[in-house]
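A.B. asks: Structure of the sequence below:
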Amino acid sequence: MITVIFIAFGLAMDAFAISITNGISIRNIRISNALRIAAFFGIFQAVMPLIGWLAGVNLRDFISGFDHWIAFGLLSLIGCRMIYESTKMDLGKKVINPLNVYVLLLLSVATSVDALAVGMSFAFLKILIVTPIIIIGTVTFLLSFLGVFVGNRFGHFFEKRIEIAGGLILIGIGVKILLRHLL
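C.D. replies: Reported below is the predicted structural model:
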């Protein structure tokens, strides 16, 4: 359960960082704006692991001998990508309209692709998916909601550090899974 919570926080960092950016872009922030952004991110972060898990369940028997390596590789790759992308972020760029449905759909899909891979990892590790998707969706929703307001007030100070922390969390979990299976 603790590992799933850490994974949820790690996955939510992309959405949190984008929410901060959205908060910077919205001048007159309203609770309804934050709820809209958080709902998009939370729903997509919950659905993508389910899709990944369903795909992974079908592949599990073929790769059961090295599934821990796949989980380690996927989580490490995702974490490294988050860290790398955090060095390329430019908060000076404005999202055209962070409340536009199409913009939110694109951002939600982009930030939840990692969750798809994590869902596959859960399938390989034979973890039931219901509790993780509820936790991942809820954590992402709450952090995204908070991120809009953080971004509106303090966004220029935190975004890159949050992405790096999320990446390190995912890498650490991948190492833990690998060590648990090797030792």
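
A.B. asks: Can you name the residues that contact residue 173?
C.D. replies: When contacts are counted by C-beta atoms under 8 Å, 6 or more residues apart in numbering, residue 173 touches 3, 6, 7, 10, 75. The C-beta positions use only the backbone N, C-alpha and C, and glycine is treated the same way.

A.B. asks: and the helix or strand containing it, how far from the chain's centre?
C.D. replies: Assessed by DSSP states H and E, residue 173 sits inside helix 130-182. Relative to its parent chain, helix 130-182 has a centroid offset of 6 Å by C-alpha atoms, centre = their mean, to the nearest Å.

A.B. asks: Counting neighbours, what do you get for residue 85?
C.D. replies: Here the number of neighbours of residue 85 (other C-beta atoms under 10 Å) works out to 15.

A.B. asks: Tell me the one of the contacts of residue 173 nearest residue 122?
C.D. replies: Closest approach between those and residue 122, by C-beta to C-beta: residue 7, at 8.8 Å.

A.B. asks: Quick one: residues contacting the closest one.
C.D. replies: Contacts of residue 7 by C-beta under 8 Å, 6+ apart are 75, 118, 132, 136, 169, 170, 173.

A.B. asks: so which helix or strand takes in it?
C.D. replies: Residue 7 is part of helix 2-25 when elements are defined by DSSP H and E.

A.B. asks: Taking helix 130-182 as reference, get the angle to that helix.
C.D. replies: 120 degrees (axes from the mean of the first three to the mean of the last three C-alpha atoms, to 10 degrees).
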